[in-house]
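Asks: Got a sequence here, can you build the structure:
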Amino acid sequence: MPLASWIVTCHHRPELLAATLPVLHLAAWPPGWEYEIIAACADMPSAGIASAHRAHVVMTAAPHPSGKRNAALAACRGELVMTTDDDDFQSPLRPSMAVQAYERGHKLSGIREFRRLHLATGMVVRCCGRGTQVDLPPV
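Replies: You can find the predicted model right below:
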């Protein structure tokens, strides 16, 4: 069965990670695909939350997201790799869209959509770079 690896970079914000990881588990995957979540953490509170949410934890001292992604990439087992940050809520359609692109032979894809969570208000802001001619999925 094909496996996708979802890398999550954590930036000393365990409360955001605790809100983001359940959303990743609720995403819609195409039939026949499994996934793993790899959390690149620099602090123990984030590592504990990632572990509690069934994520494989990679501890790293890398200060920037790119270094954290590289550390997590070494632990990935999937043939498809997706990345996100701890403050970025993903569209539930992202796995299906990524798998479709992968199966069509694309080596890199993106949905050009970001959803940021503001913990104090509980509100999510969606930034979309797909233009206005595309039907957008519900938030």
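Asks: what's the residue sitting nearest the centre point of the chain in contact with, if anything?
Replies: Nearest to the mean C-alpha position of the chain, by C-alpha atoms, centre = their mean, lies residue 84 at 3.6 Å. Contact analysis of residue 84 by C-beta atoms under 8 Å, 6 or more residues apart in numbering lists 6-9, 20, 24, 90. C-beta: built from backbone N, CA, C; applies to glycine.
Asks: Which elements pack onto the helix ranked longest in the chain?
Replies: For the chain, the longest helix by residue count, based on DSSP state H, is helix 14-25. When contacts are defined as 3 or more C-beta pairs under 8 Å, 6 or more residues apart in numbering; DSSP states H and E, helix 14-25 packs onto strand 3-9, strand 34-41, helix 44-52, strand 88-89, strand 113-118.
Asks: So which of those is nearest residue 107?
Replies: strand 3-9 (14.5 Å; C-beta to C-beta).
Asks: Could you measure from residue 70 over to residue 107?
Replies: Going from residue 70 to residue 107 by C-beta to C-beta, to the nearest Å gives 18 Å.
Asks: out of the two, which sits in the more crowded spot?
Replies: When residue 70 and residue 107 are compared for neighbours, residue 70 comes out ahead with 14 against 6, by other C-beta atoms under 10 Å.
Asks: would you put the C-alpha positions of stretch 98-110 in CSV?
Replies: Extracted C-alpha coordinates of stretch 98-110, given in CSV (Å, rounded to 0.1, in the frame of the first residue of the first chain):
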residue,chain,number,x,y,z
ALA,A,98,-1.3,15.7,-3.7
VAL,A,99,-1.9,12.1,-4.5
GLN,A,100,-3.6,12.9,-7.8
ALA,A,101,-0.6,15.1,-8.8
TYR,A,102,1.9,12.5,-7.7
GLU,A,103,0.1,9.7,-9.6
ARG,A,104,0.1,12.0,-12.7
GLY,A,105,3.9,12.1,-12.5
HIS,A,106,4.4,15.6,-11.0
LYS,A,107,7.4,15.8,-8.7
LEU,A,108,6.2,18.9,-6.9
SER,A,109,2.8,20.2,-6.2
GLY,A,110,1.0,22.7,-4.0
